[in-house]
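Colleague: prediction below, plus the sequence it came from.
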Amino acid sequence: MGKQLLILDCDSTLTSIEGVDELARLKGEAVFQASEALTNQAMDGEVAVEDVFGKRLQLIQPSLEHCLRVGESYIEEVEPTALELVRAAREAGWDLIILSGGFTKVIEPLARYLGIDHIEAVPLFFNIDGSYNGFDETYPTTRSGGKPEIINELKEDLKPQRIVMVGDGVSDLETQEYVDRFVGFGRFMARDRVKLKARYFVESLSAVIPLLDF
C-alpha cells in the first residue's frame with residue numbers, strides 16, 4: 001500500500017485553544033476581544049481569512065517568548081484522545097501532518113509532544129531581541145483556499161494513496177473535495193456550517209480511528 005496521510009488541524013482540534021487568541025490575551029483584554037472577534041468571523045466563514053490575518057498580527061505583535069508560552073498551553077489543553085489517535089494511525093501505517101492557519105513556532109511544542117514531525121503552518125519572524133517582525137505573507141494558509149493549496153502540494157510531492165483531513169473550521173471544510181475523507185470536528189467548537197456540510201463529523205479524535213479503515 002502507498003503512503004497514507006492523516007492531516008490534522010491544530011487549534012480547536014488537537015488542542016482546545018485558539019493560539020492567536022491566547023497570544024492576544026497575553027497583550028490584555030482589549031486586544032484579546034478585538035482579536036477573538038476577527039478569528040470567529042473568519043472561522044465561521046463570515047469574512048475571508050486574508051481579510052483578518054494580517055490585522056490580527058498587527059494588533060497583537062506576538063513576541064517569541066509569548067509564542068513559546070502559548071505553545072506550552074497547547075500541550076496543557078491537548079485534546080484528551082489525541083495521543084490515542086496518533087498511536088493508532090501510525091500503527092495502521094498512516095503518516096501524520098499538522099496543517100494549520102496558526103504559527104509554526106507556537107505549534108512546535110505540541111507537535112513534539114505528539115510525535116508529529118511534519119508541520120504546515122505560518123512562519124513568524126522575530127528580531128534579535130525576540131520582538132515581532134512580521135510573518136510570511138506568501139504562505140497559503142494566510143488566505144482562503146490555502147489548505148486545499150497545501151494538500152495539492154502534498155499530493156504532488158508525496159504521491160499519497162489516500163488522504164484523510166480532520167478539522168473544526170470552514171478553512172478545513174474547504175479541503176473536503178481534495179481529500180478522500182474529510183472529518184469535521186466538534187469537541188471544542190461545533191461550527192454550524194462544518195457540521196452541516198461535512199460528510200463525517202465527530203466529537204473526539206479517537207472517533208476518527210474507525211474512519212481510517214476504508
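Modeller: Right, received. Where do you want to start?

Colleague: what pLDDT does Pro33 get?
Modeller: To be clear, residue 33 is Gln; Pro isn't right here. At Gln33, the pLDDT value in this model is 91.

Colleague: that's a helix at it, yeah?
Modeller: Yes: counting by DSSP: H, G, I helix; E, B strand; the rest coil, Gln33 is found in a helix.

Colleague: mind checking how far it is from Val52?
Modeller: Per C-beta to C-beta, to the nearest Å, Gln33 is found 14 Å from Val52. Any C-beta I mention is one placed from the backbone N, CA and C, and that applies to glycine too.

Colleague: when those two are compared, which one has more neighbours?
Modeller: Counted by other C-beta atoms under 10 Å, Gln33 and Val52 do not tie: Val52 has more neighbours, with 22 against 13.

Colleague: check contacts around that one.
Modeller: Leu38, Thr39, Gln41, Ala42 (C-beta atoms under 8 Å, 6 or more residues apart in numbering).

Colleague: now the helix or strand containing the last one: buried residues?
Modeller: Here Ala42, judged by DSSP states H and E, is contained in helix 29-43. Of the residues in helix 29-43, those buried by neighbour count under the rule 16 or more other C-beta atoms under 10 Å are Val31, Phe32, Ala34, Ser35, Glu36, Leu38, Thr39, Asn40, Ala42, Met43.

Colleague: over to stretch 78-93?
Modeller: In stretch 78-93, counting by 16+ other C-beta under 10 Å, buried: Val78, Glu79, Thr81, Ala82, Leu85, Val86, Ala88, Ala89.

Colleague: out of the residues you listed, the closest to Leu173 would be?
Modeller: Nearest to Leu173 among the buried residues of stretch 78-93 is Glu79, at 18.6 Å by C-beta to C-beta.

Colleague: show residues contacting stretch 140-160.
Modeller: 2-5, 7, 48-50, 53-54, 95, 97, 99-101, 120-122, 135-136, 139, 163, 165, 167, 171-172, 174-175, 177-179.

Colleague: longest single strand anywhere in the chain?
Modeller: Criterion DSSP state E: the longest strand present in the chain is strand 94-103.
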